[in-house]
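>>> dropping the sequence and predicted coords here.
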Amino acid sequence: MTDTISESAKERLLQLLRLMEKHPEAGGIGPVTSAQVEHLTGWHRDTIRKDISCLKDISGETGGGAIGGNSGYEPEILVPLIRKALGLDRRRKFCVVGLGRLGSAYLNFAPLDCMRRVHTPPHWGDIRGMNPRTSVRRQNTLPKQPYPDRTAAGLVDLIEFKLAAGFDTNVNRVEILSSPVPLFPAYKIAEVVGRFEIEIALLCVPAESAQAAAEKCVAAGIKGIMNFAPVALNVPPEVAVKNIYVTDELRSLAIKMNKTGSQYEKSV
């Protein structure tokens, strides 16, 4: 599905997905216009319309009003279309590898809270009756909407993902750390990843341990790695890697600040 969409359009659609999910009227009460998106993002409204037009081929609709008309875009229609276009229309399980300060923080990451609640809200009928803490094999269908109260507060539940487990080489840390999901010694990665059907690993280990940890994850069957260690990982081409380097992000921000400051000085 995503092969026909450019990388830049994918990035914009991801941001648009977040905006639509956070829209106060995400329940379908009111549409969002191209002008509103332009104001929030800085993208030209023609670019927004072009990106959204990519979704028509996937939805099978040819009429402009099927996705959005003169009055704007309905979030309840646009959100599932964007998920389908980007391959985010099924739930993937992920784990945290490395339970230091960063890794343990992700164990209690607020947008993942909905995946760990014992009770099931009424509109989660497709997964009702399954205990998020104990069920291993679960349906991969997505609930239609995030929690309304959390959406209104600006928190978007990551319904496409489920935190399933955590791993660390320090057995004592595994035993004493408070966690809403099961924790395991790192030597059990292969066993647990297969049993829990985990696809993604958040790699939160020191730089010197990152390559070895990544190799264990790949051998266990992990298909995607989000790497927080400031090193380039050597993994097979079929394994997707997303590097999150804080230093690079700070430098990128500084460059953007320089550009913005220069433009402001020219304008005055």
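On my side now, so go ahead.

>>> now I222: which helix or strand?
Here I222 is covered by no helix or strand, with elements defined by DSSP states H and E.

>>> break down the chain into its helices, ranges please.
7-22, 34-41, 45-59, 75-85, 101-107, 148-152, 171-176, 189-196, 207-220, 246-267 (DSSP state H).

>>> out of those helices, nearest to V235?
For V235, the closest of the helices of the chain is helix 207-220, at 5.5 Å, according to Cβ to Cβ. The way it works is simple: take the backbone N, C-alpha and C, and place the C-beta from them, glycine included.

>>> for V96, see how far away M257 is.
M257 is 32 Å from V96, where distance means Cβ to Cβ, to the nearest Å.

>>> between these two, point out the one with more neighbours.
Legend: neighbour count by other Cβ atoms under 10 Å for M257 and V96, higher for V96 (26 against 10).

>>> show me the contacts for the more buried one.
Contacts for V96 were tallied using Cβ atoms under 8 Å, 6 or more residues apart in numbering; they are 103, 106-107, 163, 165-167, 201-202, 204.

>>> how about TSV for these, with neighbour count added?
As requested, those are arranged in TSV below (neighbours: other Cβ atoms under 10 Å):
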residue	neighbour count
G103	22
Y106	19
L107	21
L163	25
A165	23
G166	26
F167	28
A201	28
L202	23
C204	27
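
>>> and which of the residues you listed is nearest D51?
Closest to D51, out of all of those and judged by Cβ to Cβ, is L202, at 28.3 Å.

>>> show me what that closest one is bridged to.
As for beta bridges, L202 partners with V96, M226 under DSSP bridges.

>>> per-residue confidence for it?
pLDDT recorded at L202 is 97.

>>> now swap in K93 and tell me
Predicted confidence (pLDDT) for K93: 94.
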